[in-house]
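**Student:** Kindly return the folded structure for what I paste below:
(one chain, ligands or ions: 1)
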Amino acid sequence: MARKFDAIVIGTGQSGPSLAQRLTNEGMKTAIIERKLFGGTCVNVGCIPTKTLVASARAAYMARRGHDFGVVIDGGIHVNMQKVKARKDGVVKQSNDGVTRWLKNMPNLSVYEGHGQFTAPDTVRVNGELLQAEKIFINTGARAYIPEMPGLDQVDYLTNSSMMDVDYLPEHLLIIGGSYIGLEFAQMYRRFGSRVTVIEKGDRLISRDDEDVSQGVKGILENEGVGVRLNADCLSVEGRDGQVAVHVQCKEGAPEVVGSHLFLAVGRRPNTDDLGLEAAGIETDPRGFIVVDDGLQTNVPGIWALGDVNGRGAFTHTSYNDYEIAAANLFDNDPRRVSDRILAYALYIDPPLGRAGMTEQQVRETGRKALIGKMMMTRVGRARERGETQGFMKVLIDAETKKILGAAILGIGGDEIIHSLLDVMYAGARYTVIQRAMHIHPTVTELIPSMLGDLTALE
Ligand SMILES: Cc1cc2nc3c(=O)[nH]c(=O)nc-3n(C[C@H](O)[C@H](O)[C@H](O)COP(=O)(O)OP(=O)(O)OC[C@H]3O[C@@H](n4cnc5c(N)ncnc54)[C@H](O)[C@@H]3O)c2cc1C
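**Tutor:** Residues are numbered from 1 along each chain as shown. A predicted model of the protein is given here:
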């Protein structure tokens, strides 16, 4: 006999808990299932711990740069990795405890700790018990993708999850994957004191961004001594005297790199392979992501998929926005859609990259008439005062409608400043609204009106 609920949520990522709160608030008897850590990736092995580690790395970086600011530090600067990890663990624990307490004390919610698996379109099995509901929400997230690579079964490697247990300084960290996760760890470990080499298959880092952004990011990393090997198009690995050798076929440089530790950051795969989707008839795409419509419903009536698992976003904010969309459609008679949102994300190297909307390349591909504005951070007084002038700001405008199409801010505060453009994009206002706004001095944001006052045609 199955235990009956009004709704079941599988997974406690960035949409599941908030959705459970809304479902129970609406008087629905709800079950939530978590097989590992409450709060999922972001809280335990993703955003929160990495940004906490980035903060430690920045402290080390600024300490080393003390002399640039007239600050004298007698003696050397060392990083105590056990203390770095302890600080990170403390911040993570606070968040994990918060979600755990929240869920376990939520009225009308039954919390199951175990692996959930569909046995029918309205039934999920957990710990041998069957749960049944008319509405089921999947928020099972994703995990590190482990590629088929010759030799990988013969060597030890780290992923974003196992990196969380590292409380020592790798002598030479080899990172396969030149995208967001890999690059954040690359700079962080370089600042902690490791040698670091990033090995990337493509011909540039973060290849979905514009060429100038990729180059800017590469320059920032290389200025701190991170090695970058591009065009590593034929990868294999091999253990060698307690070290690990990565064979790369790069257009330039030696054919292999040898390091003490290997970290794989080559993408994420959805947690759908062990969810019993076939028992429910839920459709996935060739990469295993659950196919959803613009309102996040799967092909099976009564089943929704939210967060990384639906392949429509890979961020905490997209997962949370999925919860808002599902709840608005279910309870508020508000037909919010995934396609209403504007792409936005940040890369938390230091200085960070904030991105919104289309890239320059994408704008070009549309063939529309457009304007472009670009300003180097060396021109920004606030950046000069703080001794952090790497990077640039760039904005793309539709020449006819005068609306902002996209922006990239690679530079100090870029992750925050990008919102001043993003919000105007959501408002659907013309760029001239910001151009005429009086911004506060001295800030980086005060130069955005200046940049907008100096637009040229995108050739
Ligand atoms: C290193 C790293 C850094 C990141 N940094 C950022 C960042 O700075 N900003 C940002 O926006 N995003 C970042 N992300 C991405 C972000 O963590 C995810 O997009 C976010 O967590 C949303 O995930 P989710 O809601 O889909 O599910 P998740 O957070 O992945 O949670 C899914 C949960 O479901 C559980 N689960 C899975 N299968 C089952 C099952 N069958 N039964 C029961 N439970 C199950 C899992 O144990 C997990 O707890 C980062 C990711 C990584 C790996």
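**Student:** Please enumerate the strands of the stretch 51-200 of the chain.
**Tutor:** With DSSP state E, counting those that start in this stretch, the ranges of strands along the stretch 51-200 of the chain come out as 109-113, 117-120, 123-126, 129-132, 135-138, 142-144, 172-176, 195-199.
**Student:** hey, which of these is tucked in deepest?
**Tutor:** strand 135-138 (a mean of 27; mean count of other CB atoms under 10 Å). All C-beta spots, glycine's among them, are computed from the backbone N, C-alpha and C.
**Student:** Kindly format the C-alpha coordinates of that one as CSV.
**Tutor:** Output in CSV follows, covering the C-alpha atoms of strand 135-138 (Å, rounded to 0.1, in the frame of the first residue of the first chain):
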residue,chain,number,x,y,z
LYS,A,135,1.8,16.1,-8.4
ILE,A,136,5.5,15.2,-8.4
PHE,A,137,8.4,17.7,-8.6
ILE,A,138,11.9,16.5,-9.6
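**Student:** Check which helices and strands it is in contact with.
**Tutor:** Contacts defined by 3 or more CB pairs under 8 Å, 6 or more residues apart in numbering; DSSP states H and E place strand 135-138 against strand 7-10, strand 303-305.
**Student:** Skipping its backbone neighbours, what lies nearest Thr197 in space?
**Tutor:** Closest residue to Thr197 apart from its sequence neighbours, by CB to CB, 6 or more residues apart in numbering: Gly227 at 3.9 Å.
**Student:** and what of Trp102?
**Tutor:** In space, Trp102 is closest to Pro17, 6.5 Å off (CB to CB, 6+ apart).
**Student:** what's across from Phe137 in the sheet?
**Tutor:** Val9, Trp304 (DSSP bridges).
**Student:** Now do the same contact list for it.
**Tutor:** Applying CB atoms under 8 Å, 6 or more residues apart in numbering to Phe137 gives the contacts 7-10, 15-16, 19, 303-306, 326.
**Student:** would JSON lines of those with distance to the ligand, pLDDT and neighbour count be doable?
**Tutor:** Shown next, in JSON lines, are those (distance: CB to the nearest ligand atom, whole Å; pLDDT from 0 to 100; neighbours: other CB atoms under 10 Å):
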{"residue": "Ala7", "distance to the ligand": "15", "pLDDT": "98", "neighbour count": "24"}
{"residue": "Ile8", "distance to the ligand": "11", "pLDDT": "98", "neighbour count": "29"}
{"residue": "Val9", "distance to the ligand": "9", "pLDDT": "98", "neighbour count": "32"}
{"residue": "Ile10", "distance to the ligand": "5", "pLDDT": "98", "neighbour count": "28"}
{"residue": "Ser15", "distance to the ligand": "5", "pLDDT": "98", "neighbour count": "33"}
{"residue": "Gly16", "distance to the ligand": "7", "pLDDT": "98", "neighbour count": "29"}
{"residue": "Leu19", "distance to the ligand": "10", "pLDDT": "98", "neighbour count": "24"}
{"residue": "Ile303", "distance to the ligand": "14", "pLDDT": "98", "neighbour count": "25"}
{"residue": "Trp304", "distance to the ligand": "13", "pLDDT": "98", "neighbour count": "28"}
{"residue": "Ala305", "distance to the ligand": "9", "pLDDT": "98", "neighbour count": "32"}
{"residue": "Leu306", "distance to the ligand": "7", "pLDDT": "98", "neighbour count": "33"}
{"residue": "Ala326", "distance to the ligand": "12", "pLDDT": "98", "neighbour count": "26"}
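**Student:** which among the residues you listed gets closest to Glu26?
**Tutor:** Using CB to CB, Ala7 comes nearest to Glu26 of the contacts of Phe137, at 9.1 Å.
**Student:** Okay, and Pro17 sits in which element?
**Tutor:** helix 16-25 (DSSP states H and E).
**Student:** can you pull the buried residues of that helix?
**Tutor:** Using 16 or more other CB atoms under 10 Å as the burial criterion, the residues of helix 16-25 that qualify are 16-24.
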